[in-house]
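*Asks:* generate coordinates for the sequence data below:
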Amino acid sequence: MRNRYRIAGLVVFATCLRGWTVTAAVAPEWKYSQTIHVSAAGLNRAKLPLDTVSAAKPSLADLRLIDPQGREVSYIVDRPASAEAREMLLASTAMTAVKGKTVITGRVPVAMEGTDIRAIHLYSPTDDFLKPLTIAVSKDGRQWTTLLRQYPIFKQPGQDTSTAVELPAAAWTFLRIALDDSGTPPIRVQGVSLVGGARAISGLDGLTASIVDVNSDAHRTDVQIELPADHLWIDSIELRAAETTFRRPVTVLTKEFTDGEFRETLLGHGLIYRVALGGAAVEQLSVPLNRQTGRRLILRIENGDSRPLDIQNVRAEAIPQSLVFDALMPGDYALWFGDPAASAPAYDVAAMSDVLSKKSAAVPVMAPAAPNPAFRPVEPLPQVPDEGGDIDVTLWKYRKKVNLLGSGIQRLEIDLETLAHNQAHPAALRLVRDGKQIPYVVDTTGVNRSFNPALQLQPAKGHLSRWTVKMPYPATPVQQLRFTVSDPFFQRTISASEEITDDRGETVRQMLGQAAWTRLKGENKEGFIIDLNRTPVTDAIELETDDGDNAPIHLVGVQGYYQAPRLLFKASPSSKPLYLYYGQPEVAPPQYDLNLVFAELQAAMPSDAPLGAEEVLRVQPWYEIPLPEGKVRSIYWITMIVVVIGLLAVIAKLLPAESSTLR
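*Replies:* Presented below is the predicted three-dimensional model:
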């Protein structure tokens, strides 16, 4: 039974913080304790270390503070917030064209006078421009101060406004913008947006994130990162790339388990760029978040037709959280945390959190967290049994041994060979040990992987250039093909198809995808992509393009992309091997109770369990043997019909004659 600190009254501020308490016995459910040394009585603010935040519940509801006499002490958790930004249009705007320049002037609207203007945006219907500008400000409209000179500004296609131009925080009344039109055509400007009043959060903690995995398909790159702690409030994430010039949209995602499957949840988005123009360079590498996150995040970078960025490191800015409490006496206070079942305490001081967060307070010394010697550790997901129901695997065609490198939660990535032989039947996957199923949850979002199929040039047919892309397996679940083309100047429409046999036994051509490729002279376009709208049935994809009266183009390389799902399950090494069975298209999806503990499963740090070599479990029965094709197929069916007619004639002769006399 955990006792609650009760406040005697709210007559004065001191009374709010100093009520009667009762001794709190620390139960073995708390995993950690941390000593806070208070040098003097009074209001204290103890900044919570990252390890403490990570080990506690996400809401910090399991924090309990005990004074030197064993009494529970009330507290609030203070997390600073940024001031809201105000955005208004520049007033009294005038635009003039002078030689080689477009000059825009205006004044700050009355509602924003005296406000520190921190950034501006240009509203323009002109799409995808890049040009330098010079900004000057004035308080009286006569004496001007130049803030920026030849600063690059641009606008992405499809956007309403340009990138933000960050300004030194200052209050002024008049603004003058000079757009340099000497190198590019003038643009239309519909308005200038002023952003002011925002105040950044002070005291942010700079953190270095670990890059866990980087995988790309033909259009985007997913960078999976791991923060040094869990449950952090992240203000922004910064990506550092080696390239000198780039513009890429970035989204920050996390994975959540909902309705029996993993789904990606959007946390934030932004545009990162580094642009150099006329000797001036500008960059914006941060994506704003200002929200609580898990330890693992996905940074999705949209590459378009450009090569993936060389991401060198990722940093995050974490918003600090502090424990604010009134100490009745100096001494060593104990902070207990790490009980996932603890409920949030109901302290009266929570009603005064706005007041307490603004008051000055002493900063106590915090010792490192230490394990609670009375804590009783439990195994991961103790409520989940090690095995499920019985299973008869005689109808499965293939299996692979699962190599467990440790105990607890495991993660198994489905490789390309398994996906191809399973033929897009995820319901057929079974983890089996000694005739018993091992429950699992499938993460269908998985990861993007690539492979290198063979590219073969075929003889041309008139104006048609043709190639064959040879897949490693029939039914390879390839989603995109990216080609390298050596020609410096061309425009072609490329189609991808395959020859299959339909239900009537006829050979037909099935269209898989089509793309229009263009490269202009001097354009540094590195790859050309075909998105496939269906999974191939065979192992040969045919490419074709009409060259017209032009010289043929030259494909010199190809890369395929597919999505590899992952299975999450609980298992430990054993003398009895664990196998992944697949290749049974008629089976129904499994129903496991593991779906009920998705939160714990998601929070666990899994061990990777690689797959062994494929084993073919049975020979195809006679009724699955492929029938002959083409003319041979016609002869086959004629022969079968003749045989059937002959058998019917023999049976008719063997039947007794029907009596003609009725009795």
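*Asks:* can we go C-alpha only for contacts and neighbour counts from here?
*Replies:* Will do.
*Asks:* now do the helices in the stretch 401-550 of the chain.
*Replies:* Here the stretch 401-550 of the chain has its helices, by DSSP state H, counting those that start in this stretch, at 416-422.
*Asks:* same question for the chain.
*Replies:* Taking DSSP state H, the helices of the chain run over residues 13-17, 50-55, 353-358, 416-422, 598-603, 630-654.
*Asks:* out of those helices, which one sits most buried?
*Replies:* Most buried of those by mean neighbour count (mean count of other CA atoms under 10 Å) is helix 416-422; its value is a mean of 21.
*Asks:* mind listing residues that contact that one?
*Replies:* Contact with helix 416-422 is made by 428, 473-477, 564, 582-585, as judged by CA atoms under 8 Å, 6 or more residues apart in numbering.
*Asks:* same check, this time on stretch 569-578
*Replies:* For stretch 569-578, the external contacting residues (CA under 8 Å, 6+ apart) are 384, 386, 401-411, 431-434, 438-441.
*Asks:* what do you get for stretch 214-229?
*Replies:* The contact list for stretch 214-229 (CA under 8 Å, 6+ apart) reads 50-51, 53-54, 207-213, 295-305, 308, 314, 447-450, 480-482, 529, 561-562.
*Asks:* with stretch 508-526 instead?
*Replies:* By CA under 8 Å, 6+ apart, the residues outside stretch 508-526 that reach it are 305-307, 484, 488-502, 528-536.
*Asks:* now that stretch: buried residues?
*Replies:* For stretch 508-526, the neighbour count (16 or more other CA atoms under 10 Å) marks 510-514, 519 as buried.
*Asks:* and what of stretch 193-207?
*Replies:* So, applying 16+ other CA under 10 Å, buried residues of stretch 193-207: 193-198, 207.
*Asks:* now render those as TSV, adding distance to residue 415 and pLDDT.
*Replies:* Listed next are those as TSV, based on distance: CA to CA, whole Å; pLDDT from 0 to 100:
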residue	distance to residue 415	pLDDT
193	51	88
194	52	88
195	50	85
196	52	82
197	52	71
198	49	66
207	34	94
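*Asks:* with distance to residue 610 added, can I get these in a markdown table?
*Replies:* Shown next, in a markdown table, are the buried residues of stretch 193-207 (distance: CA to CA, whole Å):
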| residue | distance to residue 610 |
| --- | --- |
| 193 | 54 |
| 194 | 54 |
| 195 | 52 |
| 196 | 53 |
| 197 | 54 |
| 198 | 50 |
| 207 | 31 |
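*Asks:* quick one: low-confidence parts of this protein?
*Replies:* For the chain, applying pLDDT under 70 flags the ranges 1-27, 83, 198-199, 257-262, 278-280, 376-386, 594-604, 619-633, 657-663.
*Asks:* change it to 50
*Replies:* 1-25, 660, 662-663 (pLDDT under 50).
*Asks:* domain parsing for it?
*Replies:* Domain assignment for the chain by automatic domain parsing gives 13-79+327-371, 86-196, 205-318, 378-618, 622-654.
*Asks:* could you give the number of residues near residue 308?
*Replies:* For residue 308, the neighbour count with other CA atoms under 10 Å is 19.
*Asks:* residues contacting it?
*Replies:* 216, 220-221.
*Asks:* against residue 246, how distant is it?
*Replies:* Separation of residue 308 from residue 246 (CA to CA, to the nearest Å): 10 Å.
*Asks:* what about the strands in the stretch 251-400 of the chain?
*Replies:* 261-277, 280-284, 286-292, 296-302, 311-318, 322-327, 331-337, 365-366, 370-371, 398-402 (DSSP state E, counting those that start in this stretch).
*Asks:* now these as TSV including mean neighbour count and distance to residue 573?
*Replies:* Shown next, in TSV, are the strands of the stretch 251-400 of the chain (neighbours: other CA atoms under 10 Å; distance: least, CA to CA, whole Å):
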stretch	mean neighbour count	distance to residue 573
strand 261-277	16	26
strand 280-284	14	48
strand 286-292	19	36
strand 296-302	22	26
strand 311-318	18	35
strand 322-327	20	43
strand 331-337	22	32
strand 365-366	17	41
strand 370-371	13	28
strand 398-402	20	10
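*Asks:* ok, back up a step: among the contacts of residue 308, which lie within strands?
*Replies:* Using DSSP state E, the members of those that fall in strands are 216, 220-221.
*Asks:* so which of the contacts of stretch 569-578 are in strands?
*Replies:* 401-402, 408-411, 431-433, 440-441.
*Asks:* returning to what we had before: to residue 462, which of the helices of the chain lies closest?
*Replies:* In terms of CA to CA, the element of the helices of the chain nearest to residue 462 is helix 630-654, at 25.6 Å.
*Asks:* and the closest one, how far from the chain's centre?
*Replies:* Computed by CA atoms, centre = their mean, to the nearest Å, the separation of helix 630-654 from the middle of its chain amounts to 60 Å.
*Asks:* and the closest residue to residue 96 other than its chain neighbours, what does it touch?
*Replies:* Spatial nearest neighbour of residue 96, chain neighbours left out: residue 103 (5.3 Å); criterion: CA to CA, 6 or more residues apart in numbering. Applying CA under 8 Å, 6+ apart to residue 103 gives the contacts 95-97, 176-179.
*Asks:* same question, residue 430
*Replies:* 437-438, 580-582.
*Asks:* quick revisit: export the helices of the chain to CSV and append columns for distance to residue 340.
*Replies:* Formatted as CSV, the helices of the chain follow (distance: least, CA to CA, whole Å):
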stretch, distance to residue 340
helix 13-17, 27
helix 50-55, 9
helix 353-358, 24
helix 416-422, 38
helix 598-603, 10
helix 630-654, 67
